[in-house]
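Trainee: What would the 3D arrangement of this be:
(one chain, ligands or ions: 1)
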Amino acid sequence: MAALDGRGGVPQGDADIGLHERQAAPVLQLRQVRKAFGGAQALAGVDFTLLPGEVHALVGMNGAGKSTLVELICGAFTPDAGDIVIDGQHRSALTPRRAHAAGVSIVHQKRTLVNGLTVAENILLGRLPARGGRIRWKQAHREAARALDGLGIEVATEAVAGSLGPAEQTLVEIAREVHLGGRVLILDEPTASLGGRDAQTIHRLVRTLRDRGTAIVYISHHLDEVLDLADRVTVMRDGHVAAVARAAEIDLPALINAMVGDRLVHDRPGRNRSAGEAVLELTGLAGGRLHPFDLTVRAGEVVAVLGPAGDGQSELFRLLTGLRRAKSGHLTVNGAKVAPGDVGAGLAAGLRCVTGDRLSYGLVPVLSVDENLALVRRGRLRPWLVRWRRLHAEGRQARERYGVTTLHADPPVASLSGGNQQKVLLSAWLDGEPAACLLEEPTNGVDVAAKAEIHHIVDGLAERGTAVLLGSSDVDEVLRLADRVVVVRSGRIVADSPIEKVTRDDLVTLTAGGDQS
Ligand SMILES: Nc1ncnc2c1ncn2[C@@H]1O[C@H](COP(=O)(O)OP(=O)(O)OP(=O)(O)O)[C@@H](O)[C@H]1O
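Mentor: Okay, here's the model as predicted:
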């Protein structure tokens with residue numbers, strides 16, 4: 001393939017930039033940037049060029065260095081060596097404030113709007129127009145509406161941010177950054193955990209921005225969308241640039257190959273399981289937007305709950321994990337009655353919950369990986385005595401089983417790459433033989449190899465008899481893992497079907513709120 005030439009099939013520097021693109025001066029250039037954390041090399045001499053009006057995707061396995069690279073561009077980290085050039089100017093002492101002033105903005109995967117404030121307040125946060133000590137609300141709404149309308153975003157400026165769906169929140173965040181003068185926009189996994197139609201809404205905005213000349217760095221583990229959306233792709237591997245290619249000239253297998261190198265991606269589809277006795281039973285569960293809800297998951301069965309974003313699917317998981325108080329109903333696990341949200345009783349009955357928001361509810365970021373793993377096992381340890389050697393030995397085994405890659409022996413979870421955090425979360429909660437488990441977006445932020453591995457782990461759980469309730473916005477994941485799919489709309493079950501009876505198109509339509517054909 002022409003696009004992947006050069007050293008070991010790898011083009012370097014600007015060699016891949018065509019004549020047309022060379023005429024446009026790069027808005028951003030990184031030359032041989034290096035960054036180490038405590039002696040371990042996260043970036044080992046990286047070149048990167050970003051042109052105005054291009055979508056430049058940044059892909060790579062978990063821990064490859066993508067986030068570290070963009071944090072350098074945003075001034076959050078200082079490079080140990082190398083050059084950062086923005087608009088032709090060398091930036092040796094970039095800080096977040098200076099990067100922002102130079103037009104560099106980032107929208108993180110974890111949404112940052114203030115939930116209790118309106119869209120207008122969020123867009124103009126810290127800069128609300130005022131005169132004589134009074135905020136000029138009409139003017140504020142007009143200005144915010146202009147910021148949204150200019151990008152074709154249909155969200156009311158009076159809406160409270162917390163009431164918006166995840167895609168709308170991302171749109172508002174992007175609009176805010178563009179309104180603040182962002183010309184280099186870094187989007188860190190903006191479509192992670194978004195369903196088809198929501199992802200397309202984000203893609204439309206990205207294309208609009210590109211057409212207006214914004215330079216976009218787009219980080220994603222969804223490789224199909226990368227090939228569809230990006231103009232160029234930079235593949236990172238182990239802190240190096242493994243390849244730079246035009247998206248039009250690279251196909252999926254070549255992209256995966258550039259990412260994983262000689263590592264293997266095991267996709268082992270095919271189910272070898274049959275549903276047994278009822279294990280997880282939800283009876284009359286209601287609360288929030290969810291109307292009384294009955295559902296049974298049998299031993300060895302994977303039931304996916306699917307619905308339009310922001311509808312009953314996430315509500316169900318909130319009720320089950322106690323993040324939202326249930327108005328009525330209960331669940332049983334192997335016949336043992338558990339009040340919704342009673343985490344202790346759920347654990348005792350063999351129920352494990354893998355949350356979709358790992359840093360808020362699943363892990364303690366300041367503790368180390370092994371400490372996090374031990375917290376979940378703590379029922380099996382003597383609580384008054386920490387046996388550190390055993391804690392690390394068990395931690396190491398779990399990390400190896402789940403392929404958690406770290407630069408240091410047992411770092412704080414906060415310092416791990418997003419995908420590795422997800423693997424720690426899964427290894428903490430899925431180890432052992434749970435009777436039932438709730439899996440919410442289990443492959444959120446993980447790379448292509450880890451995703452295949454996690455799917456294999458879920459297969460294994462089901463084959464050994466665990467009842468699995470899966471919430472995933474990724475229809476391919478649902479098709480790959482589920483035996484049954486339950487569709488929730490406006491808080492009610494509107495369809496319950498064996499997976500063989502639905503097509504991919506059905507699932508895409510159902511997630512978007514349409515009717516099953
Ligand atoms: N503040 C930090 N302290 C220590 N190590 C860090 C820190 N930030 C990143 N690292 C390490 O640097 C390496 C690169 O991480 P980075 O987050 O850049 O990867 P990534 O490509 O973005 O991965 P992912 O796809 O999982 O988000 C990882 O091994 C990570 O643990």
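Trainee: can you pull out the helices in the stretch 401-517 of the chain?
Mentor: Counting by DSSP state H, counting those that start in this stretch, the stretch 401-517 of the chain has helices at residues 418-430, 448-463, 475-481, 504-511.
Trainee: Show me which positions of the longest one end up buried.
Mentor: So that's helix 448-463. 448-455, 457-459, 461-462 (16 or more other CB atoms under 10 Å). In this view, the C-beta of every residue, glycine as well, is placed from N, C-alpha and C.
Trainee: That one near the ligand anywhere?
Mentor: No - counting by CB under 6 Å from any ligand atom, no contacts exist between helix 448-463 and the ligand, the nearest distance being 8.6 Å.
Trainee: How far off centre is that helix?
Mentor: Put simply, helix 448-463 sits 18 Å off its chain's centre (CA atoms, centre = their mean, to the nearest Å).
Trainee: any idea which of the buried residues of helix 448-463 is closest to residue 35?
Mentor: residue 450 (22.9 Å; CB to CB).
Trainee: near the ligand, which residues of the stretch 351-500 of the chain?
Mentor: 406, 407, 411, 415, 416, 417, 418, 419, 420, 445, 447.
Trainee: What pLDDT does the model give the closest residue to the fourth one other than its chain neighbours?
Mentor: Same thing as residue 415. Once flanking residues are discounted, residue 415 sits nearest to residue 37: 6.9 Å by CB to CB, 6 or more residues apart in numbering. If you check residue 37, the pLDDT there is 88.
Trainee: Residue 412 is in contact with residue 368, isn't it?
Mentor: Yes - counting by CB atoms under 8 Å, residue 412 does reach residue 368; the two are 5.6 Å apart.
Trainee: about what we covered before: let me have the residues of the stretch 351-500 of the chain next to the ligand in JSON lines, extended by neighbour count and pLDDT.
Mentor: JSON lines is the format used below for those (neighbours: other CB atoms under 10 Å; pLDDT from 0 to 100):
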{"residue": "406", "neighbour count": "18", "pLDDT": "76"}
{"residue": "407", "neighbour count": "17", "pLDDT": "74"}
{"residue": "411", "neighbour count": "17", "pLDDT": "84"}
{"residue": "415", "neighbour count": "18", "pLDDT": "85"}
{"residue": "416", "neighbour count": "22", "pLDDT": "85"}
{"residue": "417", "neighbour count": "25", "pLDDT": "80"}
{"residue": "418", "neighbour count": "24", "pLDDT": "81"}
{"residue": "419", "neighbour count": "27", "pLDDT": "81"}
{"residue": "420", "neighbour count": "26", "pLDDT": "87"}
{"residue": "445", "neighbour count": "24", "pLDDT": "78"}
{"residue": "447", "neighbour count": "29", "pLDDT": "82"}
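Trainee: what's the closest of those residues to residue 203?
Mentor: Looking across these and measuring by CB to CB, the closest to residue 203 is residue 445, at 18.5 Å.
Trainee: what's the closest one in contact with, if anything?
Mentor: For residue 445, the contacting residues are 62, 109, 189, 192, 221, 418, 419, 421, 422, by CB atoms under 8 Å, 6 or more residues apart in numbering.
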